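Engineer: Predicted model, plus sequence, below.
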Amino acid sequence: MIFFGQKTKYGMQAMIFLSKQKINKPIPAYKIAGELKVPKEFMAKILQELVYKGLLNSQKGRRGGFYLSMNPSEIKIDRVFSALGFTNNINECLFETRELCEKEKCSFCYSWRMFISDFTFMIKNYSLNKIYEHTSYQVHG
């Protein structure tokens, strides 16, 4: 199905968790995983991928961990989804009855495409700060 796998779900949860922090300081992967109640090894891989894609920074050592690479208002949700491999194929048939869709005989296809189009617009225009409004935010540095 088109919607989110665990990787996208956990990655978004981690980004939201990090965006809620009043001070943008490194938080170890095991603490993030513990707070979100997700497997720590899987979370560590997801966080590393988000570092590689430029959405997070990491710091090694005793006080190390992961933190946002920019203000949450600058991070659009579609960028997080894309970094985690989520693709939004508007032409994907939900029920895998492609022959009906291609002949435009599936009454559901038009509504589905409109939904996906609206969803795509929303994630391209929605940033992390809209999920959790900040009263203050300090960049780590």
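Structural biologist: Structure's in. What do you need? Numbers count the residues shown, from 1 in each chain.
Engineer: make it CA atoms for all contacts and neighbour counts henceforth
Structural biologist: Noted.
Engineer: so after the lowest-mean-pLDDT helix or strand in the chain, what's the next helix or strand?
Structural biologist: When the helices and strands of the chain are scored by mean pLDDT, DSSP states H and E, helix 98-102 comes last with a mean of 63. Per DSSP states H and E, helix 98-102 leads on to helix 109-125 as the next helix or strand towards the C-terminus.
Engineer: any idea how far that next one is from the chain center?
Structural biologist: 17 Å (CA atoms, centre = their mean, to the nearest Å).
Engineer: Next: stretch 65-79.
Structural biologist: Averaging C-alpha positions (CA atoms, centre = their mean) puts stretch 65-79 10 Å from its chain's average.
Engineer: got it, and stretch 62-77?
Structural biologist: Counting by CA atoms, centre = their mean, stretch 62-77 is centred 12 Å from the centre of its parent chain.
Engineer: got the buried residues for it?
Structural biologist: 65, 66, 67, 68, 69, 70, 71, 72, 75, 76, 77 (16 or more other CA atoms under 10 Å).
Engineer: Can you get me the start-to-end distance on that stretch?
Structural biologist: Stretch 62-77 has its terminal residues 31 Å apart, counting by CA to CA, to the nearest Å.
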